[in-house]
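# Sequence first, then the predicted structure, then my questions.
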Amino acid sequence: MQIISTPIEGLSIIKPKIFEDERGYFFESFNEAIFNEKNKNINFVQDNESLSQKGVLRGLHFQNPPYSQGKLVRVIKGSVLDVALDIRKNSPTYGNHFAIELSEKNKTQLWIPSGFAHGFLTLENDTIFSYKCTNYYNKSAEDCIFWNDEQLLIDWGIKNPILSEKDKKGQLFRDFNSNF
C-alpha cells in the first residue's frame, strides 16, 4: 500500500498493491499499521456504502464539530470524480479543492480528514461507493456547500447532474462560516 501526499496538507491518495493472476485479483483495502504511519492513529467507527446511477452528484457534504468525520473513500464498482474541499479556516489552502478519479479499475482510495467538504459525481451506472468514517453520522451536524459555486472553480464536467433536494439547497462558499 502506497500513501501519496496531495497539494493539500492532510489529504492523501492511497494506492494498494494489487496481486493479479488467472483467478482474478487480491489487495489489502485497509491496513491500520500502514495507514497510521502517516495519519496518527485514526480510528474508524462506521462504514457507509451508496449506489448511484451515472450523473448523480452527491455533495459537497461535511459534519460540523464535534461530530466532524474523516473519511477513507473508494469505489467498489464503477467510477466517480471525487472532490475534497478544504474548509479549515486557518489552512493555507482554505477554499482549495482536490479532484481525482476513483474507480473499480484503479482501486485508488482517498483519505479525507476532518475539515474538508466532500462530494462525488458518478461516471457510470450502478456505481458503488464506500466510506470508512472516523465519527458516527449526526443529522444535526450535517451541512452542505453548493456543488457548483462559481467561487470554487470545480470542473465537474457536467452542467445538470442528478441532485438530492438537500444538495440543491447547499450554501454558497462566500456565505459559509467554517467551524473548523
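Everything's here; your move.

# Now find how far off-centre the one helix or strand A84 maps to is within its chain.
Per DSSP states H and E: A84 is located in strand 79-86. Averaging C-alpha positions (C-alpha atoms, centre = their mean, to the nearest Å) puts strand 79-86 5 Å from its chain's average.

# Mind checking what helix or strand follows it in sequence?
Using DSSP H and E, the helix or strand that follows strand 79-86 in sequence is strand 97-103.

# Which residues does that following strand contact?
The contact list for strand 97-103 (C-beta atoms under 8 Å, 6 or more residues apart in numbering) reads 6-8, 11, 13, 73-75, 78-86, 108-110, 120, 123, 152-155. The way it works is simple: take the backbone N, C-alpha and C, and place the C-beta from them, glycine included.

# Buried among those residues? Make that a PyMOL selection.
The following PyMOL line selects those of the contacts of strand 97-103 that are buried, judged by 16 or more other C-beta atoms under 10 Å:
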select buried, resi 8+11+13+73+74+75+78+79+80+81+82+83+84+85+86+108+109+110+120+123+152+154
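
# what about the longest helix in this protein?
For the chain, the longest helix by residue count, based on DSSP state H, is helix 32-39.

# Could you pull out the buried residues of that one?
By neighbour count on 16+ other C-beta under 10 Å, the buried set for helix 32-39 is 35, 39.

# Could you do stretch 85-96 as well?
Residues 85-88, 91, 93, 95 are the ones in stretch 85-96 that count as buried (16+ other C-beta under 10 Å).

# Output those residues in TSV; the columns should cover distance to F116 and pLDDT.
Output for those, formatted as TSV (distance: C-beta to C-beta, whole Å; pLDDT from 0 to 100):
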residue	distance to F116	pLDDT
L85	6	98
D86	6	98
I87	6	98
R88	8	98
S91	10	97
T93	10	98
G95	11	98
